[in-house]
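Chemist: Sequence first, predicted model second:
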Amino acid sequence: MWMVIVALLAGFLMGHFNVLSEKIRGYVSNVITFCLIMLLLLIGAKIGLDREMIHHLSTLGIQSFLLAFSTIVFSLISLYILVKILGWEDETKMMGKGGESDDMGHYC
Amino acid sequence: MTWVIIASLVIGILSGLWLLPADMMHLMDNYSTAALVILIFCVGIELGHNRAIWRKLYDMGWRIILVPVFIALGSLSGALIMGFMLHYAPYESLAVGAGFGWYSLSGVLIDRLYSTQLGVVAFLTNVWREVLTFIILPFIGKYFTKLLTVAPGGATTMDTTLPLVLRYGGKEIAAIGFLSGVILSMLVPFLVPLMLQVGR
């Protein structure tokens, strides 16, 4: 468990202080994709080998739907409370100082 | 990428059903812990490299950080309440809720650190979260304050659901959505293991 947190922090610090060369950094997203595919293949294989879980898959799917629905509803309520507290219905009050962000273009 | 993720899982299930002998699992388990640590290390590098985010946060004013904080609190309480009704232990539902829509990462984390069954629930819950976001966002944008279009997507408002936030919330809200998505993404690999750790 702590190995994960240590790995995350080590990576975060290395990323933040730009320790890695551009060339190595270019490989990082490929490594992420590769590891993800490996781990997902493995989860899949474990599900496939576990007959009991195969039988439960539809139940798990419905439970997951309800959990997702509930997280969305409550995140909406929670953000709505914040909007009420800070009076952000008036959208001009929302931004502290900068106002409109100018470099959104490349994200969208 | 979404299709690659889903295809990997399906190929895994099919090979588990028809190809692999049951005693293969033990061997694979050893390699997969290494794969998880490498994965998380690289995720850390990507998140840490996003330095422009701190500048953006400063420009928009510190109160903007309350947006992802409240979305996180809402998501966690939503998962907790529904999880209680479905007879999940509190820390289990909190770990699932802390995925904030990042299904691939929360799924593999919980599978490795806790159990495959809860990993599957985390994966599916967060896939549903993204799908439902696509469905309800037009409705939210039309009938509620535009800022609320940032909430349903959770961590995905920095990439997959950002175009929708832009469309139904507008340019300024999309800037907040991107920021909120990045901050929530940073929280996922910390919060998921933390919730599981606290529960034990």
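Modeler: Cool, got the structure.

Chemist: For residue 28, I want the exact helix or strand it lies within.
Modeler: Assuming you mean chain A. For A:V28, the host element (DSSP states H and E) is helix A:22-49.

Chemist: please go with chain B instead
Modeler: Assigned by DSSP H and E, B:M28 belongs to helix B:24-49.

Chemist: what about that helix, near chain A?
Modeler: Yes. Using Cβ under 8 Å from any Cβ of the partner chain, we find that helix B:24-49 touches chain A at B:24-25, B:28, B:31-32, B:35-49. All C-beta atoms are positioned from the backbone trio N, CA, C, and that covers glycine.

Chemist: one step back: can you point out the buried residues in the helix holding A:V28?
Modeler: Using 16 or more other Cβ atoms under 10 Å in any protein chain shown as the test for burial, helix A:22-49 gives A:25, A:28, A:31-33, A:35-49.

Chemist: quick one: buried residues of whichever helix or strand comes after the helix holding B:M28?
Modeler: Sequence-wise, the next helix or strand downstream of helix B:24-49 (DSSP H and E) is helix B:52-60. Residues of helix B:52-60 classed as buried: B:I53, B:K56, B:L57, B:D59, B:M60 (neighbour count, 16+ other Cβ under 10 Å).

Chemist: mean confidence for helix B:52-60?
Modeler: The pLDDT scores in helix B:52-60 average 82.

Chemist: What is the subsequent helix or strand relative to it?
Modeler: Next along the chain after helix B:52-60, with elements defined by DSSP H and E, is helix B:66-85.

Chemist: hmm, that following helix touching chain A?
Modeler: Yes. Using Cβ under 8 Å from any Cβ, helix B:66-85 reaches chain A at B:66-67, B:70-71, B:73-75, B:77-79, B:81-83, B:85.

Chemist: show me where pLDDT drops low in chain A?
Modeler: Chain A contains residues with pLDDT under 70 at A:90-108.

Chemist: Walking through it, point out its helices one by one.
Modeler: With DSSP state H as the criterion, chain A has helices at A:2-16, A:22-49, A:51-86.

Chemist: Dump those into CSV; add distance to B:K142 as well.
Modeler: Below are the helices of chain A laid out as CSV (distance: least, Cβ to Cβ, whole Å):
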stretch, distance to B:K142
helix A:2-16, 39
helix A:22-49, 35
helix A:51-86, 14
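
Chemist: Of those helices, which is nearest B:I176?
Modeler: Shortest distance between B:I176 and the helices of chain A, using Cβ to Cβ, is found for helix A:51-86: 10.7 Å.

Chemist: quick one: buried residues of that closest one?
Modeler: For helix A:51-86, the neighbour count (16+ other Cβ under 10 Å) marks A:53, A:60, A:63-65, A:67-76, A:78-80, A:82-83 as buried.

Chemist: and that helix with helix A:22-49, angle?
Modeler: Put simply, helix A:51-86 runs at 130 degrees to helix A:22-49, going by axes from the mean of the first three to the mean of the last three Cα atoms, to 10 degrees.

Chemist: and helix A:51-86 with helix B:66-85, angle?
Modeler: Using the same axes, to 10 degrees: helix A:51-86 against helix B:66-85 is 140 degrees.

Chemist: Which other helices and strands does helix A:51-86 contact?
Modeler: Using 3 or more Cβ pairs under 8 Å, 6 or more residues apart in numbering or on different chains; DSSP states H and E, the elements in contact with helix A:51-86 are helix A:22-49, helix B:66-85, helix B:90-97, helix B:116-143.

Chemist: need the contact list for B:L19.
Modeler: Shown in contact with B:L19 (Cβ atoms under 8 Å, 6 or more residues apart in numbering or on different chains): no residues.
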